[in-house]
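Colleague: Pasted the sequence and its predicted model underneath.
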Amino acid sequence: MPEPGESTAPVTGRSTALVTGGTRGIGLGIARALAADGWDLVLGGTRPAADVTPVLDELRASGITVGYEPADLSVRSDRVRLVQALRAKYGALHALVNNAGRAPRQRADLLDAREESFEELIRTNLQGPYFLTQAIAREQIMRRQADPAFSAKIVFITSVSAEMVSPNRGEYCVSKAGLAMAARLFAVRLAAGGIPVYDLRPWIIATDMTAAVKDAYDRRIADGLVPEGRWGLPDDIGRAVAALVGGDLPYATGSVIHLDGGLSLPRL
């Protein structure tokens with residue numbers, strides 16, 4: 001296996017970002033924004049490679065290098081394999097975007113929720129990105145020690161549910177609150193090494209995965225739930241991530257950025 005400073009990947013002169021859950025929804029919005037800025041990409045996901053070929057081809061049409069590494073981040077062996085593939089195939093990783101996550105398979109009142117659902121969401125939404133970040137951060141620190149000019153960034157996509165309560169999906173709220181704390185912990189730990197860490201908190205974003213609740217949230221938005229009066233879009237998240245990993249918000253490690261159209265603003 002190559003050492004952290006070695007790579008079998010072709011040298012393009014561009015920066016490389018890993019976007020977990022990057023082939024659909026918010027993750028694809030992030031990937032498109034980074035591709036537009038000229039980033040080479042590694043996309044993570046759980047679908048077979050053949051199922052994501054159209055997405056990869058679309059992004060490659062921007063003239064960038066795009067790889068796909070299937071992995072279930074809730075499984076330790078998959079995370080280890082992913083990190084090994086990153087070293088061997090892609091070399092230096094300048095940005096990690098922790099986007100992958102899932103909602104409960106079935107919403108349930110807090111008093112009826114099952115431990116199996118809680119465990120699944122904690123493993124997927126918190127444990128997976130926590131230990132993936134640990135592994136990637138170690139690599140990035142070593143690269144910066146060898147070359148102080150090496151630029152590295154880490155972004156966590158958490159949720160307004162890290163602080164806003166939904167008693168019918170408590171396990172999701174707990175997992176995202178934990179992930180928000182993980183972002184703060186890594187921000188403090190990595191600051192001295194020159195690696196900024198950010199926490200982006202979207203509310204519900206218009207994707208194929210939220211189509212089932214479209215009518216309900218259309219009504220709530222029309223009733224004034226969101227001050228900006230519209231759904232969030234994957235592009236809203238993508239543009240924010242691109243700005244952060246592009247260095248447009250210096251001296252701001254640990255920052256929490258709400259991408260929710262004003263939803264979380266206290267109002268009378």
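Modeller: Everything's here; your move.

Colleague: Would you enumerate the residues in contact with the residue nearest the centre of the chain?
Modeller: Taking Cα atoms, centre = their mean, the centroid of the chain lies closest to residue 99, which sits 1.9 Å from it. By Cβ atoms under 8 Å, 6 or more residues apart in numbering, the contact set of residue 99 is 19, 20, 21, 22, 26, 27, 30, 157. (C-beta placed from N, C-alpha, C; glycine too.)

Colleague: now the second one: how far from residue 146?
Modeller: Relative to residue 146, residue 20 is positioned 26 Å away (Cβ to Cβ, to the nearest Å).

Colleague: So between these two, which is more surrounded?
Modeller: For residue 20 versus residue 146, the count of surrounding residues by other Cβ atoms under 10 Å is larger for residue 20: 24 against 10.

Colleague: In this model residue 30 seems to touch the more buried one, though I could be wrong.
Modeller: No: Residue 20 is not in contact with residue 30 according to Cβ atoms under 8 Å; the separation is 9.8 Å.

Colleague: What strands flank the host helix or strand of residue 257, and is each parallel or antiparallel?
Modeller: Element membership for residue 257, per DSSP states H and E: strand 256-259. According to DSSP bridges, strand 256-259 forms sheet pairs with strand 197-202 (parallel).

Colleague: if we look at the strand it pairs with, which residues are touching it?
Modeller: 26, 153-160, 162-163, 180, 183-184, 186-187, 190, 232, 236-237, 240-241, 244, 249, 252-260, 264.

Colleague: Helices - which of these land there?
Modeller: By the criterion of DSSP state H, membership of these in helices covers 26, 180, 183, 184, 186, 187, 190, 236, 237, 240, 241, 244.

Colleague: What count of nearby residues applies to the residue lying closest to the fourth one once chain neighbours are set aside?
Modeller: So the one you mean is residue 184. Nearest non-adjacent residue to residue 184, counting by Cβ to Cβ, 6 or more residues apart in numbering: residue 254, 5.9 Å away. Residues contacting residue 254 under the criterion other Cβ under 10 Å number 16.

Colleague: Equivalent analysis for residue 167, please.
Modeller: 12.

Colleague: gap between it and residue 266?
Modeller: On the measure of Cβ to Cβ, residue 167 and residue 266 end up 20 Å apart.

Colleague: In ChimeraX, how would I select the buried members of the contacts of strand 197-202?
Modeller: Buried residues within these, by 16 or more other Cβ atoms under 10 Å, are selected in ChimeraX with:
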select :26,153,154,155,156,157,158,159,160,162,180,183,186,187,190,232,236,237,240,241,244,249,253,254,256,257,258,259,260,264
